[in-house]
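> Next comes the sequence, and after it the predicted model I'd like to discuss.
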Amino acid sequence: MNPTLQDDPRLSAWLMDEMSVDERTEFEQIIDAAPDGRSIADELQSVAASVEAALATEPEYRLTEIQREVLFNPPAQKVAAPAPVEIDHGNEENSNILPWKRLRYTGDVTEKIRMSDRMETRRKSANFPTYAISAVAAIILGMLVVGSILFLRQDDNKGLVKTAEEEKEVAISISSGAPAKVSSSQAVVGSSATGYLFRDPANEEFRRSSFALKPGSASYQVVSTTIRDGVVPNPAVVQIEEMLNYFIYDYPEPEEEQSMSVSVESAPCPWEPEHQLVQIGLKGRDAGVGENAKQSVATDIDVQVEFDPATVKEYRLIGYDVAEGSAVKSAGENDPTRDFAAGDATTALYEVVPVESAHAAKDDDSLLTVHLNYNEPNDDDLKKSSSRMLASRLAFSEHKRWSDTTSDFRFAATVAGFGMKLRGQEDDDTSLDFAKLESMAENSLDGKDTLRRMRFVELIEKMQKLSEKK
Amino acid sequence: MSAALQISMEKPSYHDDPEARRLVREAVETYEVDLTRFAMSLLRDLERARDVVQDTFLKLYQQNPQDIRPKLKWWLFMVCRNRALDVMKKEKRMIPVEEADFRTISSESPAPDEEAEAMEDQMRMGDKIRRMLGFLNELPDNQRDVLRLKFQSGMRYREIAQALGLSTGNVGFLIHTGLKRLHALMTSTTEPTEIPGSPAFEAAGFTDQFSTNDTNNKS
């Protein structure tokens, strides 16, 4: 039995010109033969037109500019893995000028900021540069030179005291996995055998630390695209703070009266259980729908993390590896960004070494306090903005057990650990191998950002395979 | 890990081929919006949709530009959909186990700017259009997908069939059934006196549009 005209899929095919001439001729006879044939066809035609009209009103979603940049400048092998300098692991002299490692101690924050401004400009230019990635490489090379010069100067002029302990050899590994030895001779270097730059809050200069409000996330895009291409990223392109801030964390909305919120969470450091890992999150009030949607939430933001020397032996800000160790006090101080738009958020991680006699500390002794100052813009009169202060104190005893931490915390710790591995800051001997990182990531997928986190798990997996190939 | 989620390391790469770069650029300019809309209809989340679309274009670099050009359109939609489905599958499988145990920060973070804007746009839309989009999202997945590819991206039956792995006859049937269903839904509800938030409004599926949970209502 033939279907009625309404139920005949050929009616749609006819309307959409999906028929051969013969089929068309035949079907038009059927339409004309059917009662109300033409009006049934017209009705369906008008439904089709409404569907088309409705779908055309959907927003014109587009990729982000960074995503487009990555697409148009894919980091292929030759471009993406620019070795800043040739490193001859067999040559003792050469390994002593291991450039990116040295840079960690000597690079200048202002240099980094200036460079990233330039990158930002490139990103925004209408015609995306074909070789942005090589530009990054060139910039990094430039910073290496500046860094080395600064290093030499600092050594010569400041007369830093070298102690036997600080002279100790620090083994690190580069992306190739081949360990190289560098002699660390920095007065501010702490006790960690991994060569990180730790700071002692007993030194008045390092009592307070700061971090960038908008570190960006370009490094993550470069790193992930490179790994997906089957190439181990060059350590110099791995900026842990940018990797951390690529992801979205579920920070609480600000209190009624405030435009910003501060979150602090702490637990034992997964790669060094004697240390504490502290996650600090700042969040601007989310955009409301309506006229205030685009309003800048807060201006003149100043964030300072104050460490208590009674409980903290030393600490380090994770990431900012170009900047860290420079004569400049903190990364945040030279960050030109002082404003938060609606919904903005930023994340920083600190690794804190408690004092050895910590058991003597009282439970409510503080470990650190986050001081946040900002101006609340006045909608009616921009000159009448009011100044706000927030302080969030983390007590010495407040750290959680790992199993009690939030998924966000575990995830941030995993990203940091992964970044450290990629930078060669973690030896293969440490507990942080890729398999461990993968399971950590898999246990922290829950939250606002599951898809990206899942892709991060894939990335770790891929990186693990790459490292096994070596 | 499903094979489709992986970009195989052994795949050839045309990153350095100027023809491939030109192709990707053209593909992005031409299909970025419709692909992201398509991914949005599957995932209901802009960030995820963008990630999936970016991946889709990246995979283009693994194709020989000469070979892929004639089938570019349906190939992009096919890869995009497969990627989105993988993501949904994986997400369904992995999230619920963890969620109950670890959700400690309870505050619901509102939609990012763009989603809020999109929502506003939706509110401003003509009521008929709004109802139509609501109904469209209520259709079985395969009907919804073919209608979208047909009426948003202007694909031929044969291209849709390739993209979705169906026969051309299937596509014709799904399009016709989908249109009939929409016709019935549009004429069965009274013309617009509903206001947002009213039961009728919700029954028409408009709230569903913004839901991020209901991504996998497989028919």
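Arrived safely, thanks for sending.
> what bits of the chain have low per-residue confidence?
Just so you know, I chose chain A. A:1-3, A:74-195, A:287-295, A:322-336, A:357-361, A:363, A:378-384, A:425-431, A:470 (pLDDT under 70).
> Chain B is the one I meant
B:1-11, B:92-125, B:189-219.
> run the last query once more with 50
B:1-9, B:94-111, B:191-219 (pLDDT under 50).
> Just give me the neighbour total for the residue in it positioned nearest to chain A.
Using Cβ to the nearest Cβ, B:His15 is the residue of chain B that sits closest to chain A, at 3.3 Å. C-beta: built from backbone N, CA, C; applies to glycine. Using other Cβ atoms under 10 Å in any protein chain shown, B:His15 has 20 neighbouring residues.
> does it sit in a helix, a strand or a coil?
Of the three states, B:His15 takes coil under DSSP: H, G, I helix; E, B strand; the rest coil.
> Does it touch B:Tyr61 like I think?
Yes. Using Cβ atoms under 8 Å, B:His15 is in contact with B:Tyr61, at 5.4 Å.
> Helices of the chain, residue ranges please.
Since no chain was named, I'll use chain A. Here chain A has its helices, by DSSP state H, at A:9-15, A:21-33, A:37-56, A:65-72, A:77-80, A:92-95, A:99-106, A:109-124, A:132-157, A:218-228, A:240-244, A:407-422, A:434-442, A:450-469.
> oops, chain B please
All helices of chain B, identified by DSSP H, fall at B:18-43, B:46-60, B:65-68, B:72-102, B:113-124, B:127-138, B:141-151, B:157-164, B:168-188, B:199-203.
> one step back: need the phi and psi values for the residue of chain B closest to chain A.
Backbone torsions of B:His15, given as degrees, to the nearest 10, read phi -60, psi -30.
> how close does the closest residue to chain B within the stretch 151-300 of chain A sit to B:Ser13?
Relative to chain B, the nearest point of the stretch 151-300 of chain A is A:Gly230 (3.7 Å; Cβ to the nearest Cβ). Distance, A:Gly230 to B:Ser13, using Cβ to Cβ, to the nearest Å: 8 Å.
> how about B:Leu179, what does it touch?
By Cβ atoms under 8 Å, 6 or more residues apart in numbering or on different chains, the contact list for B:Leu179 reads A:Ser12, A:Leu44, A:Val47, A:Ala48, A:Val51, B:Leu147.
> and if we set it to 10 Å?
With contact taken as Cβ atoms under 10 Å, 6 or more residues apart in numbering or on different chains, B:Leu179 is in contact with A:9, A:11-12, A:15-16, A:43-45, A:47-48, A:50-51, B:143, B:147, B:150-151.
> B:Leu23 too?
Counting by Cβ under 10 Å, 6+ apart, the residues that B:Leu23 touches are B:Tyr14, B:Asp17, B:Phe57, B:Leu60, B:Tyr61, B:Gln63, B:Asn64, B:Pro65, B:Gln66, B:Ile68, B:Arg69, B:Leu72.
> The fifth one is in contact with B:Glu19, isn't it?
Read it as B:Tyr61. No. When contacts are counted by Cβ atoms under 10 Å, B:Tyr61 is not listed as touching B:Glu19 (11.2 Å).
> Looking at those two, which has the bigger crowd around it?
Using other Cβ under 10 Å as the criterion, B:Tyr61 and B:Glu19 rank with B:Tyr61 on top: 23 against 12.
> tell me the two of the contacts of B:Leu23 that are most distant?
Taking Cβ to Cβ, the two most distant members of the contacts of B:Leu23 are B:Phe57 and B:Gln66; they sit 17.8 Å apart.
> And the two? Which one has more around it.
Shown here are B:Phe57 and B:Gln66; by other Cβ under 10 Å, B:Phe57 has more neighbours (26 against 11).
> what about the residue nearest to that one when sequence neighbours are not counted, how many neighbours?
With Cβ to Cβ, 6 or more residues apart in numbering or on different chains as the criterion, B:Phe57 has its nearest non-adjacent residue at 5.1 Å, and that residue is A:Leu71. Counted by other Cβ under 10 Å, the residues lying close to A:Leu71 total 25.
> Could you double-check that A:Leu71 sits in contact with B:Glu26?
No. Using Cβ under 10 Å, A:Leu71 is not in contact with B:Glu26, being 11.7 Å away.
> Setting the sequence-adjacent residues aside, check what's closest to B:Gln54.
B:Gln54 sits nearest to A:Gln67 (Cβ to Cβ, 6+ apart), 4.6 Å away.
> who's in contact with that neighbour?
Neighbour list for A:Gln67: A:Gln221, B:Val28, B:Glu32, B:Arg50, B:Asp51, B:Val53, B:Gln54, B:Asp55, B:Phe57, B:Leu58 [criterion: Cβ under 10 Å, 6+ apart].
> Just give me the closest of those to A:Phe211.
A:Phe211 lies nearest to A:Gln221 out of the contacts of A:Gln67, by Cβ to Cβ, at 20.6 Å.
> how about the residues of the stretch 301-450 of chain A near chain B?
Counting by Cβ under 10 Å from any Cβ of the partner chain, the positions of the stretch 301-450 of chain A adjacent to chain B are A:341-343, A:345, A:400, A:403-410, A:442-450.
> Of these, which count as buried by neighbour count?
Taking 16 or more other Cβ atoms under 10 Å in any protein chain shown as the criterion, what is buried in those is A:342-343, A:345, A:405-410, A:442-450.
> For A:Val264, name its beta-bridge partners.
A:Ile280 (DSSP bridges).
> wait, it sits on A:Thr369?
Yes. Counting by Cβ under 10 Å, A:Val264 sits close enough to A:Thr369 to count as a contact (9.1 Å).
> Give the residues shared as contacts by those two.
With Cβ under 10 Å, 6+ apart as the test, A:Val264 and A:Thr369 both reach A:Val305, A:Ser392, A:Arg393, A:Leu394.
> Buried among the residues you listed? Make that a ChimeraX selection.
Buried members of those, defined by 16+ other Cβ under 10 Å, are picked up in ChimeraX with:
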select /A:305,392,394
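> List just the nearest of the shared contacts of A:Val264 and A:Thr369 to chain B.
Checking those against chain B with Cβ to the nearest Cβ, the nearest one is A:Ser392 at 14.6 Å.
> mind listing what the closest one touches?
A:Ser261, A:Val262, A:Ser263, A:Val264, A:Ile280, A:Leu282, A:Val305, A:Leu368, A:Thr369, A:Val370, A:His371, A:Leu372.
> beta partners of it?
A:Val370.
> Then A:Cys269?
For A:Cys269, the beta-bridge partners are A:Glu272 (DSSP bridges).
> So what's the residue count around it?
A:Cys269 has 23 nearby residues by other Cβ under 10 Å.
> Go ahead and confirm it touches A:Tyr315.
No. Under the criterion of Cβ under 10 Å, A:Cys269 makes no contact with A:Tyr315, lying 11.2 Å away.
> For these two, list the residues in contact with both.
Common contact partners of A:Cys269 and A:Tyr315 (Cβ under 10 Å, 6+ apart): A:His275, A:Gln276, A:Val278, A:Tyr350, A:Glu351, A:Val352, A:Val353.
> nearest to A:Glu458, of those?
When the shared contacts of A:Cys269 and A:Tyr315 are compared for distance to A:Glu458 (Cβ to Cβ), A:Glu351 comes out closest, at 26.7 Å.
> What's the separation between the closest one and B:Met88?
A:Glu351 is 37 Å from B:Met88, by Cβ to Cβ.
> Ok, B:Arg81 next?
Taking Cβ to Cβ, one finds B:Arg81 at 10 Å from B:Met88.
> between the two, what contacts are shared?
B:Leu42, B:Val52.
> Can you give me the first-to-last residue distance of stretch A:252-271?
27 Å (Cα to Cα, to the nearest Å).
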